[in-house]
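Visitor: build me a structure from this.
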Amino acid sequence: MKKIGCYLILFFLSTQFFPCFGQEKPNIIFILADDLGYGDLQNYGTKDLRTPNINNLAKNGITFTNAYANSTVCSPSRAAILTGNYPDLVGVPGVIRDNPLNTWGNLKDDLVTLPEALQKYNYQTALIGKWHLGYKSPDLPNDRGFDYFKGFVGDMMDDYYTHKRNGVNWMRENNTEIYPKGHATDLFTNWSLDYISKKSKTKKPFFLFLTYNAPHDPVQPPKNWLDKVKNREPKATFKRQKMIAFIEHLDDNIGRLIHQLKKDNLYDKTLIIFTSDNGGALQYGASNQPLSGGKGDLLEGGIKVPCIIKMPNQQQSKLSDEKILLMDIYPTLLKLIDGKIDENLPSKEIKSILNKRYSNNREMIWMRREGHKFGGRIYYAISDGTYKLVQKNPFTPYQLFNLLEDPAEKTPLNFPEKFNFLKKALAKHLQESGKIPWQ
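Guide: Down below sits the predicted model:
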């Protein structure tokens, strides 16, 4: 009788999460923006920017106010999402580039990526958009669990229309070089619509990792979008006008994606995640208000990101202040499909998604290794959920802040006991990460 009772409880929970499927698994679409600022969405408080499609996603989803990327730059954050682990523990403490003198990571081969884990549960997997975790086999998307890849292998495009980086074309369909025409944001959406339409005719669930490179610089909104913003926001600087138009163009493309899901009767059967790989780049007109800092540093503005998760068949908005790291999405998705989770991973299940009570006291660590002006040095931050110990760059001392009382990190604290406690906890992590090769 006890076993029967347990099975009934499990069945009840599954129908609460996925009431439209019975026992079927949901489709999963993970939309990752590039350098989207915490203060650059309408539902996060911005006044000069309109994002109606992301707003509607939030009206049917959970909006997280304390979501963090695992790093302040691209490659480490992506490595964390795909492995459920800290970037420096999987060999990616910094940006991976096609330049042997300025590349700072190499994703470990002996680990199970999120798409590989989902494949074990009958998922079809695809990456459309930006990769940025390796330039040749065995570090390409098809090597790391994606059945299908169409997008950009490199770190960034020098132009959203020519799609080249330093004169090299990194656009690929699986392993074949391609030469598509059009704005990259539109292309990635078009390819995603085609993929969704094809998969709607199959019985297998799919996982689509849609990784836009907008609004990463160069900030290139289509002319008609920029003209519209210029007329509507004449008092904004030209730099800000471009960023507004760029994000609104991205929002429109997300609207196209949602429309396709509804057209194919998949919207209520699909779990949708929308977030950013790190904070906004202030020098290009992004906003991380009300936070300090931006992309490239470990202040809150560089690592705190907007995050919305819409569950299948969800028709109401929820707000969560649960502190999460993007690496937490990995075990949470596996939990939701009743998959096996590696207990040794430092990532946590997102309790807001699982309808469980949560505590905001947890250890969180961020890092970045970089060349350029930092000479390959690494710098860190660590938080226990209330206090945060942060090094703004490799050449500055650590400072302690109380995030509850001082979320903008304006006033460093003199609290030796907490300072030393967090410093020791970070030292333990450094010992572990020191064992991991990244070249």
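Visitor: what ranges of the chain fall below the confidence cut-off?
Guide: Regions of the chain meeting the criterion pLDDT under 70 cover residues 1-23.
Visitor: for it, which segments are assigned as helices?
Guide: 2-17, 52-59, 74-83, 114-119, 184-199, 223-232, 238-263, 300-303, 329-336, 416-433 (DSSP state H).
Visitor: which parts of the last one are buried?
Guide: Just to be clear, that refers to helix 416-433. Across helix 416-433, burial judged by 16 or more other CB atoms under 10 Å covers 419, 422, 425-426, 429, 433. Every C-beta, even on glycine, is put in place using the N, C-alpha and C of the backbone.
Visitor: which helices and strands sit right next to that helix?
Guide: strand 364-369, strand 378-383, strand 387-390, strand 399-402 (3 or more CB pairs under 8 Å, 6 or more residues apart in numbering; DSSP states H and E).
Visitor: deepest in the core, which of these is it.
Guide: Highest mean neighbour count of the helices and strands packed on helix 416-433: strand 364-369, a mean of 25 (counted as mean count of other CB atoms under 10 Å).
Visitor: who are the packing partners of that strand?
Guide: strand 378-383, helix 416-433.
Visitor: give me the residues contacting the first one.
Guide: Contacts of strand 378-383 with the rest of the structure, by CB atoms under 8 Å, 6 or more residues apart in numbering, involve 88, 93-94, 298, 303, 363-369, 388-394, 403, 422, 425-426, 429-430.
Visitor: how about the last one?
Guide: Identification of contacts with helix 416-433 by CB under 8 Å, 6+ apart yields 86, 88-89, 93, 363, 365, 367, 380, 382-384, 387-389, 398, 400, 413.
Visitor: I'd say A214 and D40 touch.
Guide: No - if you go by CB atoms under 8 Å, A214 and D40 don't touch, sitting 11.4 Å apart.
Visitor: mutual contacts of these two, please.
Guide: Common neighbours of A214 and D40 (criterion: CB under 8 Å, 6+ apart): I247.
Visitor: more neighbours, these two?
Guide: D40 (28 against 24; other CB atoms under 10 Å).
Visitor: and that one, how far from E322?
Guide: Counting by CB to CB, to the nearest Å, the gap from D40 to E322 is 22 Å.
Visitor: now render the helices of the chain as TSV, adding distance to F152.
Guide: Below are the helices of the chain laid out as TSV (distance: least, CB to CB, whole Å):
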stretch	distance to F152
helix 2-17	34
helix 52-59	22
helix 74-83	12
helix 114-119	18
helix 184-199	7
helix 223-232	21
helix 238-263	15
helix 300-303	23
helix 329-336	22
helix 416-433	29
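Visitor: quick one, which of the ones you listed is nearest to G134?
Guide: Of all the helices of the chain, it is helix 74-83 that lies closest to G134, at 9.2 Å by CB to CB.
Visitor: tell me what angle the closest one forms with helix 329-336.
Guide: Angle, helix 74-83 to helix 329-336, by axes from the mean of the first three to the mean of the last three CA atoms, to 10 degrees: 20 degrees.
Visitor: looking at it, I128 is touching Y212, isn't it?
Guide: No - proximity of I128 to Y212 does not meet the contact threshold set by CB under 8 Å, at 9.3 Å.
Visitor: identify the contacts common to these two.
Guide: What both I128 and Y212 touch, as defined by CB under 8 Å, 6+ apart, is the set F188.
Visitor: returning to what we had before: which of the buried residues of helix 416-433 sits closest to E343?
Guide: E343 lies nearest to H429 out of the buried residues of helix 416-433, by CB to CB, at 18.3 Å.
Visitor: which residues sit against stretch 152-171?
Guide: For stretch 152-171, the surrounding residues in contact (CB under 8 Å, 6+ apart) are 74-75, 95-98, 129-132, 134-135, 140, 151, 172, 177-185, 213-214, 216-218, 220.
Visitor: now, these that are in strands?
Guide: Using DSSP state E, 129-130, 151, 172, 177 are the members of these that sit in strands.
Visitor: drop anything exposed from these.
Guide: Buried, going by 16+ other CB under 10 Å: 129-130, 151, 172, out of the ones in strands among the contacts of stretch 152-171.
Visitor: mind putting these in TSV, distance to N265 included?
Guide: Output for these, formatted as TSV (distance: CB to CB, whole Å):
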residue	distance to N265
G129	25
K130	29
G151	26
R172	31
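Visitor: just the buried positions in stretch 147-161, please.
Guide: 147-157, 160.
Visitor: so which of those residues comes closest to I62?
Guide: G151 (27.5 Å).
Visitor: I'd say that closest one and H132 touch.
Guide: No - counting by CB under 8 Å, G151 sits too far from H132 to count as a contact (10.0 Å).
Visitor: and for these two, which residues touch both?
Guide: Common contact partners of G151 and H132 (CB under 8 Å, 6+ apart): none.
Visitor: circling back: looking at the buried ones among the ones in strands among the contacts of stretch 152-171, which one is closest to A69?
Guide: So of these, ranked by how close each gets to A69 (CB to CB), first place is K130, at 14.8 Å.
Visitor: my guess is that closest one contacts F149, does it?
Guide: No - K130 is beyond contact range of F149, at 11.0 Å (criterion: CB under 8 Å).
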